[in-house]
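Chemist: A predicted structure for the sequence below; I have some questions about it.
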Amino acid sequence: MTKNQPANCIIVSKTFAAILVVFAIGFGYHEFFLKSRILAAAKNDMSQLAVSTALQIESVLRDVESTPHQMIHTFQKNYPTSEKEVYQAVVSMVDNNPAIFGAAIAFEPYDFLPDTLYFSPYALRKDEKISSFNIGCDDYNYFSWDWYQTPKEINSPVWSEPYFDEGGGNIMMATYSVPFSKMIDNTYKFSGIITSDISLSWLEDKLKSIKIYDTGYVFLISHHGRIVAHPDHNLVMRESIFSLAEINNDQILRETGRKMVNGQKVTTMVHDFFTQKPAWLFAVPLSANNWSLAILVPEEEILKPAASTAPKIIITCAIISLLIVVTIAMHHRKKSCV
């Protein structure tokens with residue numbers, strides 16, 4: 001061994017240490033900005049997806065809303081004079097609008113038929129056929145149901161909270177109700193409510209068809225925070241975003257739920273309802289019925305591209321470092337031999 005060899009070893013060691021420090025800083029810088037770029041792109045994409053999905057659903061809801069209004073317009077021109085005409089009208093509402101599961105024309109007591117307390121012809125779509133019947137009876141006192149009582153009291157169209165319509169459609173649904181009147185002695189008198197129903201299963205099927213990363217999903221909550229549509233059917237109508245926040249003791253999810261039911265757009269980090277892993281939530285309001293649509297994606301799935309590049313970067317840095325160290329070592333060895 002020559003007297004220059006210890007010095008050469010020190011130079012090589014210091015050089016190697018310096019290279020490691022530089023590459024560590026560079027790797028950290030790259031990872032930070034790579035993740036930032038990926039996350040920013042994902043936020044933009046998911047926000048746009050939430051908006052476009054909400055617009056698609058709103059388009060259907062607006063179409064469902066239009067049918068009762070069209071029927072009221074028809075009544076103003078040609079008010080029905082027989083039971084047959086009323087049944088034909090309610091069947092046509094369902095037949096002419098594929099988005100509608102069921103529809104009703106519910107009259108006030110003894111209004112259309114002087115000797116009949118309950119008269120509410122209802123048509124529904126089942127097994128690709130449309131059937132109709134009078135839903136009114138003592139076991140189905142529709143005058144006390146929210147879909148009838150609320151629009152009557154406020155004299156304005158309204159979407160109901162989701163509910164199970166036992167005795168009517170017998171499914172989970174939401175109802176759009178519009179009050180109507182008829183002219184009596186030059187004065188309009190309230191006569192009843194015309195409704196159109198949407199099936200919640202239709203909404204669930206629509207949202208399930210949207211592919212988001214590996215396990216991301218879309219869900220809907222009502223104006224009061226109740227789960228309207230979700231990949232886990234066990235949550236639908238049984239839980240709300242607030243009850244899930246309570247179960248998981250998640251204050252952030254609770255605050256997020258408040259913003260959603262208040263009609264705000266939301267982009268925030270929460271914990272997944274089930275795995276409790278960090279996840280990003282993107283929510284937009286549905287102006288038609290004051291519901292809120294949200295997309296939830298685990299953060300690790302969004303940042304997966306960054307994680308997959310890390311080993312490649314480390315291997316590349318190691319090879320470059322080794323080559324530099326070998327080159328320096330060989331250079332100093334030649335000098336020491338001179």
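Modeler: Received it, and whenever you're ready, just let me know what you need.
Chemist: CA only for contacts and neighbour counts going forward, please
Modeler: Fine.
Chemist: can I see the domain layout of this structure?
Modeler: 66-198, 211-302 (automatic domain parsing).
Chemist: for those, give me a markdown table that also has distance to Q56.
Modeler: Shown next, in a markdown table, are those (distance: least, C-alpha to C-alpha, whole Å):
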| stretch | distance to Q56 |
| --- | --- |
| domain 66-198 | 12 |
| domain 211-302 | 10 |
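Chemist: of all these, which lies closest to T53?
Modeler: domain 211-302 (8.3 Å; C-alpha to C-alpha).
Chemist: sorry, back to before: looking at the domains of the chain, which is closest to V51?
Modeler: domain 211-302 (6.5 Å).
Chemist: quote the end-to-end distance of the closest one.
Modeler: Terminal residues of domain 211-302 are spaced 14 Å apart (C-alpha to C-alpha, to the nearest Å).
Chemist: tell me the mean pLDDT for it?
Modeler: Mean per-residue pLDDT for domain 211-302: 93.
Chemist: cool, stretch 169-180 as well?
Modeler: Here stretch 169-180 scores 92 as its mean pLDDT.
Chemist: and that stretch, how far out from the chain's middle?
Modeler: Mean-position distance between stretch 169-180 and its chain equals 21 Å (C-alpha atoms, centre = their mean, to the nearest Å).
Chemist: could you dump it to CSV, C-alpha only?
Modeler: In CSV, the C-alpha atoms belonging to stretch 169-180 read as follows (Å, rounded to 0.1, in the frame of the first residue of the first chain):
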residue,chain,number,x,y,z
GLY,A,169,-94.6,1.5,-5.2
ASN,A,170,-93.2,-0.7,-2.4
ILE,A,171,-89.6,0.3,-3.1
MET,A,172,-87.1,2.9,-1.9
MET,A,173,-87.9,6.1,-3.8
ALA,A,174,-88.0,9.8,-3.8
THR,A,175,-91.1,11.8,-4.9
TYR,A,176,-91.5,15.1,-6.7
SER,A,177,-94.9,16.6,-5.8
VAL,A,178,-96.7,19.5,-7.4
PRO,A,179,-100.0,21.0,-6.0
PHE,A,180,-102.8,21.6,-8.5
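Chemist: list the buried residues for it?
Modeler: Buried residues in stretch 169-180, defined by neighbour count with 16 or more other C-alpha atoms under 10 Å: 169, 171-180.
Chemist: next up, the contacts around the nearest residue to Y87 once chain neighbours are set aside.
Modeler: The shortest distance from Y87 to any non-neighbouring residue, by C-alpha to C-alpha, 6 or more residues apart in numbering, is to P121 (6.0 Å). By C-alpha atoms under 8 Å, 6 or more residues apart in numbering, the residues touching P121 are 86-87, 90, 104-106, 132-136.
Chemist: list just the nearest of those residues to S209.
Modeler: Nearest to S209 among those, with distances taken as C-alpha to C-alpha, is A104, at 30.0 Å.
Chemist: now the closest one. Nearest residue, chain neighbours left out?
Modeler: Nearest residue to A104, sequence neighbours excluded (C-alpha to C-alpha, 6+ apart): Y122, at 4.3 Å.
Chemist: same question for I194.
Modeler: I105 (4.6 Å).
Chemist: quick one: contacts of stretch 80-96?
Modeler: Contacts of stretch 80-96 (C-alpha under 8 Å, 6+ apart): 67-68, 71, 100-105, 121-125, 130-132.
Chemist: what segments of this protein are helices?
Modeler: Counting by DSSP state H, the chain has helices at residues 5-77, 83-95, 146-154, 200-208, 241-247, 251-261, 299-302, 304-337.
Chemist: how far off centre is the shortest one?
Modeler: Looking back up the chat, that one is helix 299-302. Using C-alpha atoms, centre = their mean, the offset of helix 299-302 from its chain centre is 19 Å.
Chemist: what residues of it count as buried?
Modeler: 299, 301-302.
Chemist: sorry, back to before: nearest to N44, of the domains of the chain?
Modeler: Short answer: domain 211-302, nearest of the domains of the chain by C-alpha to C-alpha, at 9.9 Å.
Chemist: picking that back up, quick check, nearest of the buried residues of stretch 169-180 to T195?
Modeler: S177 (4.4 Å).
Chemist: and H230, what is it in contact with?
Modeler: 204, 207, 218-220, 236.
Chemist: rebuild the residues you listed as a markdown table, extending it with distance to Q264.
Modeler: What follows is the contacts of H230, written out as a markdown table (distance: C-alpha to C-alpha, whole Å):
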| residue | distance to Q264 |
| --- | --- |
| E204 | 22 |
| L207 | 20 |
| V218 | 17 |
| F219 | 16 |
| L220 | 14 |
| V236 | 22 |
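Chemist: in ChimeraX, how would I select the buried members of those residues?
Modeler: Those of the contacts of H230 that count as buried under 16+ other C-alpha under 10 Å are selected in ChimeraX with:
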select :204,207,218,219,220,236
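Chemist: which residues sit against stretch 240-258?
Modeler: With C-alpha under 8 Å, 6+ apart, stretch 240-258 has contacts from 221, 225-227, 266, 268, 270-271, 273.
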